[in-house]
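Structural data only, the sequence is not supplied:
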């Protein structure tokens with residue numbers, strides 16, 4: 001027995017397959033820039049291979065868990081392919097009580113400040129490695145630690161690059 005709707009079966013199946021294939025990508029939340037009324041408050045947390053700044057103005061709390069962005073400033077002249085990059089935003093979820101971190105994606109920042117899309121899914125939470133950049137970020141967010149007291153808070157990505165790159169070159173320690 002056939003139905004009048006049989007003529008639409010192939011199109012329906014194609015649409016269903018397309019939805020299942022693209023659904024996870026479309027469900028990701030894009031990297032939302034801070035609102036223009038809330039200026040960036042980038043506090044330096046660590047210097048090593050990168051100068052790592054915590055976006056204190058963008059921290060979102062749920063109990064003792066913090067969802068945040070961390071700006072990793074790369075050394076001067078850092079290139080991927082032929083393009084120069086200032087660094088990128090790591091998206092993180094830190095549980096201050098359990099002392100764990102879950103990496104939740106990354107978006108690049110090209111020279112000039114243009115940001116790339118957020119890529120990657122949230123990974124399972126892992127214990128904070130002692131002495132790591134992740135631990136330094138957690139201390140800043142969870143404990144109010146203020147390393148690099150002489151380094152001013154940056155209010156733009158460009159300013160963080162200007163502050164961070166010389167520190168990478170000199171190997172500054174907190």
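Thanks, I have it. Just so you know, these numbers come straight off a predicted model, no measurement behind them.

now stretch 41-57: mean pLDDT?
Computed over stretch 41-57, the mean pLDDT rounds to 97.

Counting neighbours, which bits of that stretch end up buried?
Residues of stretch 41-57 classed as buried under the neighbour-count rule (16 or more other CB atoms under 10 Å) are 41-47, 50-55, 57. The way it works is simple: take the backbone N, C-alpha and C, and place the C-beta from them, glycine included.

do the same with stretch 111-120
111, 118.

end-to-end on it?
Stretch 111-120 stretches 22 Å from its first residue to its last (CA to CA, to the nearest Å).

so how far is it off the chain centroid?
Centroid separation for stretch 111-120 versus its chain: 10 Å, with CA atoms, centre = their mean, to the nearest Å.

Kindly report the same for stretch 58-66.
With CA atoms, centre = their mean, you get 15 Å for stretch 58-66.

what do you get for stretch 110-125?
Taking mean C-alpha positions (CA atoms, centre = their mean), stretch 110-125 and its chain are 6 Å apart.

what sits up against that stretch?
With contact meaning CB atoms under 8 Å, 6 or more residues apart in numbering, stretch 110-125 is reached by 28-31, 33, 83-86, 88-89, 91, 93, 95, 98, 100-109, 157-158.

For it, what does the pLDDT average out to?
On average, stretch 110-125 scores 95.

mind checking the end-to-end distance for that stretch?
Stretch 110-125: ends 29 Å apart by CA to CA.
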